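Chemist: need a 3D model of the sequence below.
(chains A, B, C, D, E and F)
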6 protein chains.
Amino acid sequence: MEGETKQSIEQVARRIAAQYENNDLLCGREGLTLPDRSVIIEMLKDLRKIMFPGYFGNIDLKAGLTEYFVGDSLIKLGDELIRQVRRALAYCKKDVSRAEEISREFIESLPGIQEYLLKDVQAGFDGDPAAKSKEGVIFSYPGLYAIFVYRIAHELYKRDVPFIPRIMTEYAHSRTGIDINSGAQIGEYFFIDHGTGVVIGETTVIGNHVKLYQGVTLGALSTRKGQKLRNVKRHPTIEDNVTIYANSTILGGETVIGHDSVISGNAFIVESVPAGTKVSVKTPELKMSAQKD
Amino acid sequence: MEGETKQSIEQVARRIAAQYENNDLLCGREGLTLPDRSVIIEMLKDLRKIMFPGYFGNIDLKAGLTEYFVGDSLIKLGDELIRQVRRALAYCKKDVSRAEEISREFIESLPGIQEYLLKDVQAGFDGDPAAKSKEGVIFSYPGLYAIFVYRIAHELYKRDVPFIPRIMTEYAHSRTGIDINSGAQIGEYFFIDHGTGVVIGETTVIGNHVKLYQGVTLGALSTRKGQKLRNVKRHPTIEDNVTIYANSTILGGETVIGHDSVISGNAFIVESVPAGTKVSVKTPELKMSAQKD
Amino acid sequence: MEGETKQSIEQVARRIAAQYENNDLLCGREGLTLPDRSVIIEMLKDLRKIMFPGYFGNIDLKAGLTEYFVGDSLIKLGDELIRQVRRALAYCKKDVSRAEEISREFIESLPGIQEYLLKDVQAGFDGDPAAKSKEGVIFSYPGLYAIFVYRIAHELYKRDVPFIPRIMTEYAHSRTGIDINSGAQIGEYFFIDHGTGVVIGETTVIGNHVKLYQGVTLGALSTRKGQKLRNVKRHPTIEDNVTIYANSTILGGETVIGHDSVISGNAFIVESVPAGTKVSVKTPELKMSAQKD
Amino acid sequence: MEGETKQSIEQVARRIAAQYENNDLLCGREGLTLPDRSVIIEMLKDLRKIMFPGYFGNIDLKAGLTEYFVGDSLIKLGDELIRQVRRALAYCKKDVSRAEEISREFIESLPGIQEYLLKDVQAGFDGDPAAKSKEGVIFSYPGLYAIFVYRIAHELYKRDVPFIPRIMTEYAHSRTGIDINSGAQIGEYFFIDHGTGVVIGETTVIGNHVKLYQGVTLGALSTRKGQKLRNVKRHPTIEDNVTIYANSTILGGETVIGHDSVISGNAFIVESVPAGTKVSVKTPELKMSAQKD
Amino acid sequence: MEGETKQSIEQVARRIAAQYENNDLLCGREGLTLPDRSVIIEMLKDLRKIMFPGYFGNIDLKAGLTEYFVGDSLIKLGDELIRQVRRALAYCKKDVSRAEEISREFIESLPGIQEYLLKDVQAGFDGDPAAKSKEGVIFSYPGLYAIFVYRIAHELYKRDVPFIPRIMTEYAHSRTGIDINSGAQIGEYFFIDHGTGVVIGETTVIGNHVKLYQGVTLGALSTRKGQKLRNVKRHPTIEDNVTIYANSTILGGETVIGHDSVISGNAFIVESVPAGTKVSVKTPELKMSAQKD
Amino acid sequence: MEGETKQSIEQVARRIAAQYENNDLLCGREGLTLPDRSVIIEMLKDLRKIMFPGYFGNIDLKAGLTEYFVGDSLIKLGDELIRQVRRALAYCKKDVSRAEEISREFIESLPGIQEYLLKDVQAGFDGDPAAKSKEGVIFSYPGLYAIFVYRIAHELYKRDVPFIPRIMTEYAHSRTGIDINSGAQIGEYFFIDHGTGVVIGETTVIGNHVKLYQGVTLGALSTRKGQKLRNVKRHPTIEDNVTIYANSTILGGETVIGHDSVISGNAFIVESVPAGTKVSVKTPELKMSAQKD
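Modeler: Residues are numbered from 1 along each chain as shown, chains lettered A, B, ... in the order given. Below is the predicted model:
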């Protein structure tokens, strides 16, 4: 290595370290460790095996012995969750002693989540003519995966755990293109088909038997006010039995899509729609001409 | 661990196991093992190396000796495929003895697939001014990756292999945001640019020299009837030499986009378009006002 | 193995190898090795740790000792970069001797990139009411990840390094659904929310304090001319303080969105917009009827 | 690559393959797969965790919940064992249908093995003044490790499983330098200190409370007759409460070391020793002179 | 799975768990975690890189920048050591608060250990005609590896850290066949050639410039009294400049091999040898006859 | 972290780096990289698969298609060997341009090595009554493993490649306790049983059909002169059809064990033995007394 390169490295290392340590954006971390993103992603993998034993990881579960697998997995999961939650709370100067209780409550919530997920699987199978089997839905539907992660993350969001719910849902977002904020409230028999580009905001409320397609945004009207809007309901409410086709956008915290409605693709809706309505986009006029270039 | 936590775990393990084993959604799996998703993903990685030797996996293939690499890879691949197809057939109570034949036919189809892929690479290079080289297309274009996986999965779809084609295309979907159902029929010189959000439904038919951009949906008009629509042609036909720009939606099993047509971005089309047509969206009226908030 | 299968494998191996070696698409590679995609992805992981020490990889960095970590990482990174750049240059028959200089300049650019990224973090936090902390933005916001990778790749794009910038941005694209071409020019305090489906073309120019939402395309009007358009400015210019809401499309190399403008969701813009303009889509007429089927 | 190298590779590949396939040493393997050595080693790792839960693998086992871990591990182990035993039997043209029964019996033998091992731990702790704790014995004593593997392998040896017992004991040999043939019969409270170089032959019989040191050979007098000696008792019998110090050699199938004897280091014994005997080597005469060179 | 197998698993799991939990050998572990053996082994790997930067792990250390590598490694090592020592102390109900001080002192001892090791390398090169280079000694001599691990472990032994020193030296024992108890005291320029079967007991004292060959035991006369001998000096003292050839055995806490002595191979010594003595074994009489069988 | 610890780390890092960089033991490494030990070990794993296709790595090789596997493996192996040999030569300031030739010659030697190994397998099977099958010998006999590695390493030793032969044989030593210097010359049908503690020196010459047992040393009489003895023949010659039983020691460069001799266990031989001799140790007198303590 020439002297020049050596000097570069010394200077760059010094500048990056100084810039980072002196940055007032990032402070108060002396001696603290953030939750470990890769561990949290491992936890999601384990949770998927717990929710759907036998589907992932090449396991041939014996009828009648599933309980061993689940019990053993829960013990490890519970311990790891305590560690990660404790890090997250400590970092944010919150009460660390809650970690054990949060972990226990989380585990107690799992049978309920599983019940929901089995219904979501049913909804996925019923709603998609291309679905060959319920097993296939569990195996490979991105919509189900995103919902699974959301339901897990939501339990931690409700208990005010910092960082971890977002790490979870962003991981699902990365894998599926479906971005469900862990704060949303979503009922049973929920299904998202294809899913790429779906965005469901933090204060969205969704009823039972709702079906969404790719590119649907359930968003806020404006976020120019940034942090001032925190905790304000700024995303829509979707009542039971609503279907929203691809690439439709529904915005605003006071916008309600009434039950049993169907929203066609490419709609852009900023006001409430009464129950039982079929909303179709008036197909935008197209100019047709001979193709030449 | 306090007694409380211990009790929780015991109860939760029991409930989850019972719920899972008693669920009528999921049945008939006693002693059967599903195909292993991670093995199938490995097979895709190996297949990519077979199709484009030297591009992936840091291999410096010697001119004239490529055959060793390909031959050796095919042997391993063929064996693994037999195992996974057998699992899939057994699980669905289909004739397991077909696994060997399917694997052999699949391998025999590979040179043909490679021919198609080399043409797809050409199409990608020709069609994108940002493409610096054909190598770059092979290396990093998500469109090419999705097409590669589709062409592989389609061979298994045609042979009625359960689960595996879908696991493959959903893996590609997860990596690229491009969701091509393995049932679609797609001609040569196919190219998808950027690609995020593209959806190509199961009964779509696409000719030669077709180019799609991100966010294009080739979908069904309605799927409210769910499983009753199975096997019905419900997605459009795109003839040769058609270009469809970003975020356009084309729906319906009887909708045909005639050859040599160009569909502009953001179009929403539910009826056929004659050959040689240029379809442009009448730019929707915009309200322009001084920005204040 | 039956003789039939053996014969198949021999034939297929021969055909694939021949097809590959004789293909005029792929030539001149005798004895040359392409850059290793997986190494380049590892480099991105290391660079993220260098830019945000302590956030990734379970490291508890001691105040005052960050410099060791950064310095050590830079040495390894610099060496690896030389190796990969050299491969890329050699493959394209460019001057290999530039590799060391490129690597050194790249490393020297890192403190500047870090400065930009810390501002991007601030922009992300300020602009999103759902952001609970700046740490959360670093940890899990796909927008920040895509920008980070873009800023890294852009330094190599500027120095005419083949393959590697594209491998980098396509990796980010795969993880985030955000496709930023490494050739784009992007100012400080840049933020992309949700992000799935965003496309930013190669000749795009973006000022400071710009915010984009999911599904925004900054694209070319037409790419029918393919490689003939290379190096022509064909993507828009976005001036300072512009916000563009979800799923809007802005096309054309001469299209300029003037500073301090706001573009509403779902807009389709092919002409320039003067500074300080609020552009809203006239909500397309909706047909409302009772839902029946 | 120069033509010369290419030619070399072609010739060498052909010769090695031909030599291997035509070799009459190695035959009858068409379509058969040998047991997978690395899987068998993994099984030993799992078995160690089952025998000593909480000691290996960073697990914090909760009192009262160990059963989940053990139960879950047994299911996986039992399945894997069936697969490997089946391969071994098939390869040797033995009755494959025995695999399931062998696996079940093996699992049923585990509590008994654990009982023995806990006594071996006690013997190790009692017998070694350098042992700081029983935990330390479990953790790191090579003698205990070799005994553990022997006790496991012996169960398979007894059931005439080909290959697998030897793979197991040779793995232990490799890690500890202690070579216990899986055919030996060994009583309870067995302890080997240091252990490097210990050899215990196939037809050795060892009583309870026996202690061996490094370099002890319990071997055959001569093995010139090779395969003709198969199944003949050719290794010694060591009765209860015998201690054999370092580097002693005891040979012959009719040699019996009577109970409660002590054999000093470096002894070479080819005849029986009555019970209660202390055997010491007459220290061989040493020549002492001033050291000069 | 047949009911029989299911029942077996349930019974076995219950018995193993009960046997383990009720065993009075193993107690007091409720809620405590043992040190993680695999982490400790990783620490040895890191320490080897710190002691000999550039030799292991494919690193090309730049002259003048080694400090970054070492500094960064030390930070991680120190943290990990605190965690493992804390576990070990807690498990043994010792004062956990010492962990940080122990870790700091350990790190402070490293330059001294390195000084010793560089001298050991020199001794290895000088003493072995088959040594081609000092680099070769560092790279592959098992004697040097065992000494390295001993010197590391000895620092922890001196500070009364439970479990960890033994895990370390047994790992070296497993890899080299050389068993050096971490309690031994060993001077500078120490060299062990070949090494398999060497045993150096806990209370051994070894001077400077000592050389040992394979199979040398520096042991206790008798260990029948087991734990009662704890802390008693029961292994020999070897003074400066002594060479002990292969397979010699030297026993007893009061046995002193005086400085500048040479002990020939296969000697068995239980009494002191004055300084400057050459001890040779009177070659045992051999019976020579014509070989027939 | 307290200031104290920080200071420690800074000081220690500085001292270690300085000590290392200034050490005159280790010099001339600026910009040079040593061979990568872990790559060399991987090469041994690959070579074992090439020599015994189907035995390691869970491969089911099809009759008639082995050639693909071998050919593909050879290409990768040859390239990697060039890289590692080049590093070794460069480091020692030897002619780097020989690397390609050495690699080619090495590959050309492999069929010959395989021939030898198949004979060694036969010798192992014939010579050990505990051997159940030739497959078992290949799978798990440490003697065969050590011989395999020796035969490979010897080819590189003969071509004066630095470092690599020793790294190879020491790896085998670590796994088997058998230390064969790569310089030794060994004939065909060679077998080592059990093997722990065997040492075969650099200038040893061994004929055909020789069998050794554990603990046999074929060594030098004295190595006090260290590097001055380099290249002198200092280890014995063992002629055809000799068997040497456990723990015997044979020393000296002029010592010849004549063909068809048998050396009993525990012999210590420093002079030649005529052909056809049976050498037995006169069993050393044993003191027998009643065991009391």
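
Chemist: so what's the residue count around A:Gly112?
Modeler: By the criterion of other C-beta atoms under 10 Å in any protein chain shown, A:Gly112 has 14 neighbours. Where C-beta positions appear, they are placed from N, C-alpha and C, glycine not excepted.

Chemist: what helix or strand is it located in?
Modeler: In this structure, A:Gly112 sits in helix A:99-127 according to DSSP states H and E.

Chemist: does chain B sit close to the helix or strand just after that helix?
Modeler: Following helix A:99-127 in sequence order, the next helix or strand is helix A:134-140 (DSSP H and E). Yes - legend: contact between helix A:134-140 and chain B by C-beta under 8 Å from any C-beta of the partner chain is shown at A:Lys134, A:Glu135, A:Gly136, A:Phe139, A:Ser140.

Chemist: out of these, flag the one nearest to chain B.
Modeler: Chain B has its nearest neighbour among the residues of helix A:134-140 next to chain B in A:Ser140, at 3.9 Å by C-beta to the nearest C-beta.

Chemist: ok, the closest one - contacts?
Modeler: Under the criterion of C-beta atoms under 8 Å, 6 or more residues apart in numbering or on different chains, the neighbours of A:Ser140 are B:Arg37, B:Phe163, B:Arg166, B:Ile167, B:Glu170, B:Tyr171.

Chemist: per-residue pLDDT, the second one?
Modeler: You'll see B:Phe163 listed with a pLDDT of 93.

Chemist: equivalent analysis for the third one, please.
Modeler: At B:Arg166, the model reports a pLDDT of 95.

Chemist: just the fifth one next, same as before
Modeler: Per-residue confidence (pLDDT) for B:Glu170: 96.

Chemist: where does the stretch 1-150 of chain A have low pLDDT?
Modeler: By pLDDT under 70, the low-scoring segments of the stretch 1-150 of chain A are A:1-3, A:23-31, A:57-64.

Chemist: quick one: the helices in it, in order.
Modeler: Ranges of helices within the stretch 1-150 of chain A are A:3-22, A:37-51, A:66-91, A:99-127, A:134-140, A:142-158, based on DSSP state H, counting those that start in this stretch.

Chemist: wait, what's in contact with A:Ile192?
Modeler: A:Ile192 neighbours (C-beta under 8 Å, 6+ apart): A:Pro142, A:Gly143, A:Ala146, A:Ile147, A:Ile178, A:Val198, A:Lys211, A:Leu212, A:Tyr213.

Chemist: among those, who's most crowded?
Modeler: Those, ranked by neighbours (other C-beta under 10 Å): first place A:Val198, 31 neighbours.

Chemist: now that one. Nearest residue, chain neighbours left out?
Modeler: Excluding the flanking residues, the one nearest A:Val198 by C-beta to C-beta, 6 or more residues apart in numbering or on different chains is A:Ile178, at 4.5 Å.

Chemist: what's that neighbour sitting at in phi/psi?
Modeler: Backbone torsions for A:Ile178, taken as degrees, to the nearest 10, come to phi -110, psi 120.

Chemist: tell me who's in contact with it.
Modeler: Residues counted as contacts of A:Ile178 (C-beta under 8 Å, 6+ apart) are A:Pro142, A:Gly143, A:Ala146, A:Ala172, A:Ile192, A:Gly195, A:Thr196, A:Gly197, A:Val198.

Chemist: show me the two of those that sit farthest apart.
Modeler: A:Ala172 and A:Gly197 (13.8 Å; C-beta to C-beta).

Chemist: of those two, which one has the most company?
Modeler: A:Gly197 (32 against 23).

Chemist: helix/strand/coil for the more buried one?
Modeler: Under DSSP: H, G, I helix; E, B strand; the rest coil, A:Gly197 falls in the coil class.

Chemist: what's it in contact with, if anything?
Modeler: A:177-178, A:214-217, A:247, B:177, B:196-197, B:215, C:177, C:196-197, C:214-215.

Chemist: let's see it at 6 Å
Modeler: A:Gly197 is in contact with A:Gly177, A:Gln214, A:Gly215, B:Gly197, C:Thr196, C:Gly197, C:Gly215, counting by C-beta atoms under 6 Å, 6 or more residues apart in numbering or on different chains.

Chemist: quick one: the residues you listed as CSV, columns for pLDDT too.
Modeler: Listed next are these as CSV, based on pLDDT from 0 to 100:
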residue, pLDDT
A:Gly177, 97
A:Gln214, 96
A:Gly215, 95
B:Gly197, 96
C:Thr196, 97
C:Gly197, 96
C:Gly215, 95
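
Chemist: among those, name the buried ones.
Modeler: Using 16 or more other C-beta atoms under 10 Å in any protein chain shown as the burial test, those include A:Gly177, A:Gln214, A:Gly215, B:Gly197, C:Thr196, C:Gly197, C:Gly215 as buried.

Chemist: grab the nearest non-local neighbour of the first one.
Modeler: Put plainly, it is A:Gly177. Leaving aside its chain neighbours, A:Gly177 sits nearest to A:Thr196 (3.6 Å; criterion: C-beta to C-beta, 6+ apart).
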